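Visitor: Compute the structure for the input listed below.
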Amino acid sequence: MKLAVLITLVSSASAFSFGAKSKNSVNVEFGQAAKAGAVAAGLAIAGVATPAFAGDVAAGEQVFNANCAACHAGGQNVIMPDKTLEKEALDQYLAGGRNEASVITQVTNGKNAMPAFGGRLGDDDIANVAAYVIKTSETGWDD
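Guide: Numbers count the residues shown, from 1 in each chain. Presented below is the predicted three-dimensional model:
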C-alpha cells in the first residue's frame, strides 16, 4: 500500500511544473495530474495493496481448540462426516471456495447444523480461526 501511495504522489507531483506558465497550461497539467493520480489509485485498489485477510495462525489454533474442536477435532466433522475441514472437502463444500473469506463467512453466519459464531467471537478471533483452518487444510490435520 505504501508503494501505491508513493506512486500516486510522484505521478501527481511530476505533472506539475514550477515557473512562469500561462493559465491554460497549468489547467492542462492539472488535468494530467488528476489522470495520473486516478491511474495510480486504480493500481493500488487492483492489487498493489496487501491482502485484507491476514489472520494469526497460532492465535487461531487457540480459538479453534476452545470453540470448534468439539465438532471439528482433527479437521473432521462429527455432525456431517463428508463436510470436513480437509483441503478437498473445503474445495468441494465451502460456499465461495477454500479461502479465508469463505471460512470467515461460514464461522460468522453459520450454516445448516453449524451455529453462527459472529455474536460469540470477535472479528479478529474469527479471522484468526479462518487463517488457521486454511493453513492447516494445506499442511494436513493431525488426528
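
Visitor: Excluding chain neighbours, what is closest to residue 86?
Guide: Beyond its immediate neighbours in the sequence, the residue positioned closest to residue 86 (C-beta to C-beta, 6 or more residues apart in numbering) is residue 75, lying 5.6 Å away. All C-beta spots, glycine's among them, are computed from the backbone N, C-alpha and C.

Visitor: I meant residue 97, not that one.
Guide: With sequence-adjacent residues excluded and distances taken as C-beta to C-beta, 6+ apart, residue 97 is closest to residue 91, at 6.7 Å.

Visitor: Could you check how far that neighbour is from residue 134?
Guide: As for residue 91, its distance to residue 134 is 11 Å (criterion: C-beta to C-beta, to the nearest Å).

Visitor: if you count what's nearby, which of these two comes out ahead?
Guide: Neighbours around residue 91 and residue 134, counted as other C-beta atoms under 10 Å, are more numerous at residue 134. The numbers are 24 against 11.
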